[in-house]
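*Asks:* Curious how this folds, go ahead:
(one chain, ligands or ions: 1)
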Amino acid sequence: MIKFQKKYNKLFLNNIRKAIDDYGMIQPYDKVAVGLSGGKDSIFLLFCLKLIQLTSIKNFELIGIHIDLGFSIDPSPLKNYCIDHHIPLIIEKTNIADVVFNERKEKNPCSLCSKLRRGALARVSKKHHINKIALGHNSDDVIETLFMNVLKVGKLGTFHPNSYNHEKDISMIRPIIYIREVLIESIVDTYHLPVIKSTCPMDKKTTRQEMKNLLIQLEHVYPDAQQKILSALSNYDPKNLWKKEL
Ligand code: SF4
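*Replies:* Model (predicted):
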């Protein structure tokens with residue numbers, strides 16, 4: 001069983017509670033599903049939300065959902081972890097990998113793959129009366145998405161800590177937006193959280209990786225760049241953002 005240790009507060013839990021409170025992510029009686037990809041971020045998120053559930057006065061339900069994309073990975077490590085920690089787990093098989101790589105032969109497979117995965121997560125969640133999906137986007141992801149939007153699309157913005165899917169009537173929350181990827185890696189290693197190696201041919205060959213490298217370079221010159229960029233996202237002057245008349 002996951003056991004709470006006081007040192008977790010300073011190390012990561014206080015920042016997760018802060019994100020949850022800053023954006024009102026979890027309310028009493030919510031049924032929250034963590035989208036478990038098999039990667040480090042989502043298992044870390046599950047580990048943290050279980051600790052928050054154990055130590056919070058907020059009474060909420062916690063469930064794991066793994067959308068099997070069809071890359072023939074073995075989900076046993078996730079299954080065993082959820083059994084050991086009394087967390088219900090739903091595994092949904094899909095043919096998303098086949099659609100993205102064979103049927104559509106997408107030039108930018110990650111965009112369609114993520115869209116289909118989010119759609120599957122929302123569909124399964126609705127079926128099980130889940131009202132919130134928690135996604136494992138960390139603070140590096142926030143900034144990489146911002147850089148991608150600015151440098152590749154010419155658009156200012158990243159994903160919001162909370163979003164709402166009107167069509168499916170379900171909320172998405174991102175409780176680990178204040179946590180650095182390097183800390184997640186170290187916690188996952190230290191506590192032997194189960195990570196399943198991706199077999200996707202696009203893994204680590206994405207534009208996101210370019211943006212990751214860019215952030216590393218930026219931090220060589222401005223060591224607190226990550227913190228400053230994150231704070232700029234909620235500290236902007238709308239008067240000085242350009243709005244065209246026509
Ligand atoms: S790396 Fe592979 S699994 Fe991940 S979003 Fe891209 S296509 Fe999908």
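
*Asks:* before we move on, which element is the residue nearest the centre of the chain in?
*Replies:* In the chain, the centroid-proximal residue (C-alpha atoms, centre = their mean) is Gly136; its distance is 2.0 Å. For Gly136, there is no host helix or strand (DSSP states H and E).

*Asks:* which stretches of the protein have low pLDDT?
*Replies:* Regions of the chain meeting the criterion pLDDT under 70 are absent.

*Asks:* Show me which residues of it sit near the ligand.
*Replies:* Where the chain comes near the ligand, counting by C-beta under 6 Å from any ligand atom, the residues are 69, 100, 109-110, 113-114, 200, 202-203, 206. Backbone N, C-alpha and C define where each C-beta goes, glycine included.

*Asks:* Weed out the non-buried ones from these.
*Replies:* Buried members of the residues of the chain next to the ligand, scored by 16 or more other C-beta atoms under 10 Å, are 69, 100, 109-110, 113, 200, 206.

*Asks:* was I right about the residue nearest to the centre of the chain contacting Ser37?
*Replies:* Yes: if you go by C-beta atoms under 8 Å, Gly136 and Ser37 touch, sitting 7.4 Å apart.

*Asks:* Now do the helices in the chain.
*Replies:* 7-8, 14-22, 40-55, 76-84, 96-98, 109-127, 139-148, 181-190, 207-221, 225-232 (DSSP state H).

*Asks:* Quick one: distance of the last one to the chain centre.
*Replies:* Going by C-alpha atoms, centre = their mean, to the nearest Å, the spacing between the C-alpha centre of helix 225-232 and its chain's C-alpha centre is 19 Å.

*Asks:* If I take that helix and helix 181-190, what angle do their directions form?
*Replies:* Per axes from the mean of the first three to the mean of the last three C-alpha atoms, to 10 degrees, the angle that helix 225-232 makes with helix 181-190 is 110 degrees.

*Asks:* contacting residues around helix 225-232?
*Replies:* Here helix 225-232 makes contact (C-beta atoms under 8 Å, 6 or more residues apart in numbering) with 139-140, 142-143, 146, 177-178, 180, 215, 218-219, 222.

*Asks:* Buried among the residues you listed? Make that a ChimeraX selection.
*Replies:* For the buried members of these, the matching ChimeraX selection, counting by 16+ other C-beta under 10 Å, is:
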select :139,140,142,143,146,177,178,180,215
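
*Asks:* okay, the contacts of helix 225-232 in TSV with distance to Pro194 next?
*Replies:* Shown next, in TSV, are the contacts of helix 225-232 (distance: C-beta to C-beta, whole Å):
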residue	distance to Pro194
Ser139	23
Asp140	21
Val142	25
Ile143	27
Leu146	30
Ile177	23
Tyr178	24
Arg180	21
Leu215	27
Leu218	32
Glu219	30
Tyr222	36
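
*Asks:* coming back round to it: of the buried ones among the residues of the chain next to the ligand, which is the nearest to Lys152?
*Replies:* The closest of these to Lys152 turns out to be Thr206 (C-beta to C-beta; 11.6 Å).

*Asks:* which residues does the closest one contact?
*Replies:* Cys110.

*Asks:* cool, Asp169 as well?
*Replies:* Lys126.

*Asks:* swap in Lys10?
*Replies:* Applying C-beta under 8 Å, 6+ apart, no residues qualify as near Lys10.

*Asks:* Gly24 now?
*Replies:* If you count contacts by C-beta under 8 Å, 6+ apart, then Gly24 has Asn162 around it.

*Asks:* if you skip the residues just before and after it, what's nearest to the residue nearest to the centre of the chain?
*Replies:* Nearest residue to Gly136 in three dimensions, chain neighbours excluded: Asp41, at 3.4 Å (C-beta to C-beta, 6 or more residues apart in numbering).

*Asks:* Surely the one you found and Ser139 touch.
*Replies:* No: the criterion here is C-beta under 8 Å, and Asp41 misses it with Ser139 at 10.9 Å.
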